[in-house]
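>>> attaching a predicted model along with its sequence, questions to come.
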Amino acid sequence: MELNIFGKPLIPCCTDPMTGYFRDGFCRTVSEDTGTHTVCAVVTEAFLAYSASRGNDLMTPIPHWNFPGLQPGDKWCLCISRWLEAEKVGKAPPIVLEATHQKSLQYASLKLLQQYAYV
């Protein structure tokens, strides 16, 4: 059973659009996931622009990957490293704590993550 940052069962992040490394709606990871897609974020316009500026355009649809492109307010499993990078420059989106995988705690403190709780 996958656990969230509180040590409780991980809840789904989003299924519309379908997110996660496994595209199953959960922000869970395996060793092959070099990005460590463990943070369930509610993306903002500022974050999407920042991510695009860093070479990861999450706004443009990619039909052959069944990716509709994200809009502000969409939930998406982010790489913990990109989220931390965005946090350092004031562009980190809020996160759904119960849908954020416990592996995120290997990279960020619970206190920091809680500061970005989506309410």
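Structure received.
>>> now what about stretch 83-100, what contacts it?
4-6, 8, 10-13, 26-27, 38-44, 46-47, 49-51, 54, 75, 78, 107-108, 112-114, 116-119 (CB atoms under 8 Å, 6 or more residues apart in numbering). All C-beta spots, glycine's among them, are computed from the backbone N, C-alpha and C.
>>> hang on, I meant stretch 22-38
Here stretch 22-38 makes contact (CB under 8 Å, 6+ apart) with 2, 10, 12-15, 18-21, 39-40, 77-82, 99-101, 103-104, 107.
>>> how long is it from one end to the other?
11 Å (CA to CA, to the nearest Å).
>>> one more: stretch 25-32?
18 Å.
>>> kindly report the same for stretch 9-24.
15 Å.
>>> dump stretch 104-119 to PDB, restricted to CA.
Output in PDB follows, covering the C-alpha atoms of stretch 104-119 (Å, rounded to 0.1, in the frame of the first residue of the first chain):
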ATOM      1  CA  SER A 104       8.500  13.500  -1.000                       C
ATOM      2  CA  LEU A 105       9.700  13.700   2.600                       C
ATOM      3  CA  GLN A 106      13.100  12.400   1.500                       C
ATOM      4  CA  TYR A 107      13.500  15.700  -0.300                       C
ATOM      5  CA  ALA A 108      11.400  18.300   1.600                       C
ATOM      6  CA  SER A 109      10.300  18.600   5.200                       C
ATOM      7  CA  LEU A 110       6.700  18.100   6.300                       C
ATOM      8  CA  LYS A 111       6.600  21.600   7.600                       C
ATOM      9  CA  LEU A 112       7.600  23.000   4.100                       C
ATOM     10  CA  LEU A 113       5.000  20.900   2.300                       C
ATOM     11  CA  GLN A 114       2.300  21.900   4.800                       C
ATOM     12  CA  GLN A 115       3.000  25.600   4.100                       C
ATOM     13  CA  TYR A 116       1.700  24.900   0.500                       C
ATOM     14  CA  ALA A 117      -1.400  22.900   1.500                       C
ATOM     15  CA  TYR A 118      -4.200  23.300  -1.000                       C
ATOM     16  CA  VAL A 119      -7.400  24.400   0.900                       C
END
